[in-house]
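Chemist: here is a sequence with its predicted model. Questions after.
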Amino acid sequence: MDITKIFKNNQEWVQKRLNLEPEYFSNLAKGQTPDILYIGCSDSRVTAEELMGAAPGEVFVLRNIANMVPNTDLSAMSVINYAVMHLKVNHIVVCGHYYCGGVQAAMKSADLGILNPWLRNIRDVYRTHQDELNGIADEELRYKRLVELNVEEQCINVIKTAEVQKARKERNLMVHGWVFDVHTGELIDLKIDFVKLLDKIMAIYHLD
Ligand code: CO
């Protein structure tokens, strides 16, 4: 992409928006009331708003390598806190994607420097589910399954936070696990059974 063309694109976009709705930007400037927090991968092929058909103002977004929610990551924890406590979102989505380079790197034996501690979080997911994963002979299927299990584990990390537990009680905030299939463009709901999951983990993680 030609970097100098970006500002021209931007001007065209502004004009297109204003032609459709003259008050568009003055309305946007009034503030945001998104209903969804989307946590996805930084992968350039996996957009946040575009694949959901969402407009500016509708989705609060966090993207990082392999859509992670590490327990001590200040960025993820701050985004969750702000989205739940201040923006009052009613849905949190963790969206992974098949053929995720971050997940693939965590399945390989390689010293990747500063990426090591980040990818270790995915290796922990593998270890937690190693019986199931090692039982999948086909490497591509095992890779895809790790993508799904990683989404599930990151949803669990979301539920571990005090903000989310409080919001679940107060307004039934929902957590969703999705996967985007880069090969088809399709968004898949993993339909994670959170009631069952909560029963299983809340005995350990409940905060009040
Ligand atoms: Co990825």
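Modeler: Yep, it's here.
Chemist: now do the SS call for the residue nearest the centre of the chain.
Modeler: Nearest residue to the geometric centre of the chain (Cα atoms, centre = their mean): I39, 2.1 Å. Here I39 is recorded as strand under DSSP: H, G, I helix; E, B strand; the rest coil.
Chemist: neighbours around L62, how many?
Modeler: Applying other Cβ atoms under 10 Å, we find 22 residues neighbouring L62. Where you see a C-beta, it was placed from the backbone N, CA and C, and this is true even at glycine.
Chemist: which residues touch L207?
Modeler: L207 sits next to 162, 165 when contact means Cβ atoms under 8 Å, 6 or more residues apart in numbering.
Chemist: swap that for V94, please
Modeler: Going by Cβ under 8 Å, 6+ apart, V94 touches 39-40, 67, 69, 151, 154-155, 158, 175-178.
Chemist: am I right that it is in a strand?
Modeler: Yes. Under three-state DSSP, V94 falls within a strand.
Chemist: I'd like to know how far it sits from the ion.
Modeler: To the ion, V94 is 12 Å away according to Cβ to the ion, to the nearest Å.
Chemist: look up which residues are beta-bridged to that residue.
Modeler: I39, G177 (DSSP bridges).
Chemist: about what we covered before: now rank the contacts of V94 by neighbours and give me the top one.
Modeler: Per-residue neighbour counts (other Cβ under 10 Å) across the contacts of V94 peak at N67, which has 31 neighbours.
Chemist: surely it is in contact with A48?
Modeler: No. Counting by Cβ atoms under 8 Å, N67 stays clear of A48, with 10.6 Å between them.
Chemist: the ion: which of the contacts of V94 is nearest?
Modeler: Of all the contacts of V94, N67 has the smallest distance to the ion: 6.9 Å, by Cβ to the ion.
Chemist: about what we covered before: JSON lines for the contacts of V94, including distance to Y24 and pLDDT?
Modeler: Below are those laid out as JSON lines (distance: Cβ to Cβ, whole Å; pLDDT from 0 to 100):
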{"residue": "I39", "distance to Y24": "27", "pLDDT": "98"}
{"residue": "G40", "distance to Y24": "25", "pLDDT": "98"}
{"residue": "N67", "distance to Y24": "30", "pLDDT": "98"}
{"residue": "V69", "distance to Y24": "33", "pLDDT": "98"}
{"residue": "V151", "distance to Y24": "34", "pLDDT": "98"}
{"residue": "Q154", "distance to Y24": "34", "pLDDT": "97"}
{"residue": "C155", "distance to Y24": "34", "pLDDT": "96"}
{"residue": "V158", "distance to Y24": "32", "pLDDT": "96"}
{"residue": "V175", "distance to Y24": "32", "pLDDT": "95"}
{"residue": "H176", "distance to Y24": "29", "pLDDT": "96"}
{"residue": "G177", "distance to Y24": "33", "pLDDT": "97"}
{"residue": "W178", "distance to Y24": "29", "pLDDT": "98"}
